[in-house]
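*Asks:* Need a 3D model of the following:
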Amino acid sequence: MSRIGKQPVTVPAGVDVKIDGHIVTVKGPKGELTREFNPMMTISQEGEEIIVSRPDDSREARSLHGLTRTLIHNMVEGVSTGYQKKLQLVGVGYRAALKGKDLEMQLGFSHPVLMECPENITFEVPSQTEIVVSGISKEQVGQVAANVRAWRKPEPYKGKGIRYEGEHVRRKVGKAGKD
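*Replies:* As a prediction, the model looks like this:
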């Protein structure tokens, strides 16, 4: 049995969980998330805990067990505290600003890059070289942050680009000059 899948998900105060067959709806102070899970998994609520179990021991059921438990845990944590990813812009002239809810970035192109703010996501720009992507869905926050980063991935020679906070970019040595 999965070690992670065996652990129950604790539901904090202020979070309401509704289980309708294989559809789980989690409502909390930050918002509401709904997700449909594989019918192989049995999801039940006992008091303030959600328990995920699998009736059969097939290989597919074993692989889905821990995943289902983790996805439910991420939903509960997202509606109670939320998720955020911080990005840093490194490079001369690279800067970001908010234009309404949308994100406008100067990334060395001949034109500014404008990214529309998806639903349930918020952009914050604490300084011109920092971007904070936040929301209640861990998957959506990670995907939007990856889409922002994709405009200018960090390059290994000068280290310029958009990187996650704390990301280490391994630098390469450039061409050796003639002696």
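
*Asks:* Please state the backbone phi and psi of residue 6?
*Replies:* When read as degrees, to the nearest 10, the backbone of residue 6 gives phi -70, psi -30.

*Asks:* Over to residue 76?
*Replies:* As for residue 76, its main-chain torsions (degrees, to the nearest 10) stand at phi -60, psi -40.

*Asks:* so who does residue 72 touch?
*Replies:* By C-beta atoms under 8 Å, 6 or more residues apart in numbering, the residues touching residue 72 are 9, 24, 26, 43, 50, 52. Every residue, glycine included, has its C-beta placed from N, CA and C.

*Asks:* Okay, and which of these map to strands?
*Replies:* Counted as lying in strands by DSSP state E, out of those, are 9, 24, 26, 43, 50, 52.

*Asks:* Pick out the most distant pair among the residues you listed.
*Replies:* Maximum pairwise distance in those, criterion C-beta to C-beta, is 13.8 Å, between 26 and 52.

*Asks:* Give me the buried positions along the longest strand along the chain.
*Replies:* In the chain, taking DSSP E as the definition, the longest strand is strand 83-90. Within strand 83-90, the residues scored as buried using 16 or more other C-beta atoms under 10 Å are 83, 85, 86, 87, 88, 89, 90.

*Asks:* what pLDDT does the first one get?
*Replies:* Note for residue 83: predicted pLDDT of 96.

*Asks:* Check whether it really touches residue 144, as I assumed.
*Replies:* No - Residue 83 is beyond contact range of residue 144, at 10.7 Å (criterion: C-beta atoms under 8 Å).

*Asks:* quick one: common contacting residues for the two?
*Replies:* residue 135.

*Asks:* give the contact list for residue 90.
*Replies:* 129, 154, 159, 160, 161, 162, 163.

*Asks:* what's the neighbour count on residue 13?
*Replies:* Applying other C-beta atoms under 10 Å, we find 7 residues neighbouring residue 13.

*Asks:* Hmm, I typed the wrong one, I wanted residue 163.
*Replies:* Neighbour tally, residue 163, other C-beta under 10 Å: 19.

*Asks:* can you tell me how far the residue nearest to it when sequence neighbours are not counted sits from residue 104?
*Replies:* Nearest residue to residue 163, sequence neighbours excluded (C-beta to C-beta, 6 or more residues apart in numbering): residue 154, at 4.6 Å. Applying C-beta to C-beta, to the nearest Å, the value for residue 154 to residue 104 is 21 Å.

*Asks:* which of these two has more neighbours?
*Replies:* Counted by other C-beta under 10 Å, residue 154 and residue 104 do not tie: residue 154 has more neighbours, with 20 against 16.
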